[in-house]
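> Okay, predicted coordinates and the sequence, questions at the end:
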Amino acid sequence: MAFRFIASQPALMPLFLAVGLGMAGSAAFAGHYLSNNQDVVIRKSASRDPWNNVTQGTNTKLFSYRPEEWAARQNLPDPRAMFKEASGTSDEAKIAKAKAIRKASLGKEQSAH
C-alpha cells in the first residue's frame, strides 16, 4: 500500500527517502552511542563504573579531528592513580604523589615541545 502511494506521487519520493535516511542514521547513532560510550550503563552487573576502565590514550569521541592527540596521551601517567590507593594512605602522601605525577607530566610535555 505504501509503495503504491509513493508510485502514484513521485514528487514525494525525495521526502520519503530523506526521512528514511534520517531515521536510519539516528538509529545507527543511538546504537553506536549505547555500545561505545562509557557514560551509558546498560548492564549494571557487568561493571558498575565502566568509565574507570577508560585509559589515557582511549578515544571516546564519535569523530576526532586530531587523533594524534590521543596517541600522545598513551604514555602519560594516569591522573586517577592517587585515588586508587588503599584508604589508609595519609593525605600528605596523596598530595606528594599528586605533585610527583604533575611534575612528571609537565616534564614530558616540555620535552615534547
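Thanks, I have it.

> Return the helix or strand in this structure with minimum mean pLDDT.
When the helices and strands of the chain are scored by mean pLDDT, DSSP states H and E, helix 91-112 comes last with a mean of 73.

> Could you give me the buried positions within it?
Ile101 (16 or more other Cβ atoms under 10 Å). C-beta coordinates here come from the backbone N, C-alpha and C atoms, glycine included.

> Repeat that for stretch 53-72.
Trp70.

> For it, output the C-alpha coordinates as PDB.
C-alpha atoms of stretch 53-72 as PDB (Å, rounded to 0.1, in the frame of the first residue of the first chain):
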ATOM      1  CA  ASN A  53      38.200   1.500  32.600                       C
ATOM      2  CA  VAL A  54      39.000   4.200  30.100                       C
ATOM      3  CA  THR A  55      42.700   4.700  29.700                       C
ATOM      4  CA  GLN A  56      44.600   7.900  28.900                       C
ATOM      5  CA  GLY A  57      45.000   7.100  25.200                       C
ATOM      6  CA  THR A  58      41.500   5.900  24.500                       C
ATOM      7  CA  ASN A  59      39.500   8.000  22.000                       C
ATOM      8  CA  THR A  60      36.000   8.400  23.400                       C
ATOM      9  CA  LYS A  61      34.700  10.700  20.700                       C
ATOM     10  CA  LEU A  62      32.500   9.700  17.800                       C
ATOM     11  CA  PHE A  63      34.800  11.700  15.400                       C
ATOM     12  CA  SER A  64      38.100  13.200  16.400                       C
ATOM     13  CA  TYR A  65      39.800  15.900  14.300                       C
ATOM     14  CA  ARG A  66      43.200  15.300  16.000                       C
ATOM     15  CA  PRO A  67      43.800  11.600  16.500                       C
ATOM     16  CA  GLU A  68      47.500  12.300  17.300                       C
ATOM     17  CA  GLU A  69      46.300  13.900  20.500                       C
ATOM     18  CA  TRP A  70      45.000  10.600  21.800                       C
ATOM     19  CA  ALA A  71      48.200   8.900  20.700                       C
ATOM     20  CA  ALA A  72      50.300  11.500  22.600                       C
END
